[in-house]
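Engineer: quick one, structure for this:
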Amino acid sequence: MDRFTKNALIACAILSALIITSFYVGIALGNSFVGADDKVNDAAAQAGGGAPHASLYQLDQNGEYVGFGTIGILGGFATGYVWVMAFEETSNKRGTTDD
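Structural biologist: As a prediction, the model looks like this:
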């Protein structure tokens with residue numbers, strides 16, 4: 001493992017630990033993460049002249065965080081997996097050059 005990769009992994013682990021720790025401390029202190037979904041839905045329903053209706057599925061606040069976080073992580077892995085195939089020069093795929 002090269003030096004950049006090692007430093008990137010260490011930085012990612014430290015940042016993840018800080019985010020998780022601050023989230024835990026915020027909940028332990030009694031802070032709740034209230035979204036604006038209901039306010040936005042009510043305003044849109046009034047502006048559109050119709051009654052609001054429920055979506056096909058309902059997630060609680062933590063479910064939204066877990067869902068969006070999971071999708072972000074999976075998207076990052078997928079992008080990292082296909083990055084080389086999508087953006088590598090075709091003349092240099094096997095380490096050969098056309099000199």
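
Engineer: from here on, just use CA atoms for contacts and neighbour counts.
Structural biologist: OK.

Engineer: any buried residues in the helix or strand hosting residue 80, and which?
Structural biologist: If you go by DSSP states H and E, residue 80 is part of helix 61-87. Judged by neighbour count using 16 or more other Cα atoms under 10 Å, helix 61-87 contains no buried positions.

Engineer: how many residues are close by residue 41?
Structural biologist: As a burial measure, residue 41 scores 15 neighbours (other Cα atoms under 10 Å).

Engineer: against residue 58, how distant is it?
Structural biologist: 14 Å (Cα to Cα, to the nearest Å).

Engineer: and residue 28, by the same measure?
Structural biologist: Per Cα to Cα, residue 28 is found 25 Å from residue 58.

Engineer: gap between the residue nearest in space to the middle of the chain and residue 53?
Structural biologist: Central residue of the chain (Cα atoms, centre = their mean): residue 72, 3.0 Å from the mean position. Per Cα to Cα, residue 72 is found 28 Å from residue 53.

Engineer: could you chop the protein up by domain?
Structural biologist: Following automatic domain parsing, one gets these domains for the chain: 1-33, 58-91.

Engineer: centre of the chain to the first one, how far?
Structural biologist: It stands for domain 1-33. 14 Å (Cα atoms, centre = their mean, to the nearest Å).

Engineer: same thing with the last one?
Structural biologist: Centroid separation for domain 58-91 versus its chain: 7 Å, with Cα atoms, centre = their mean.
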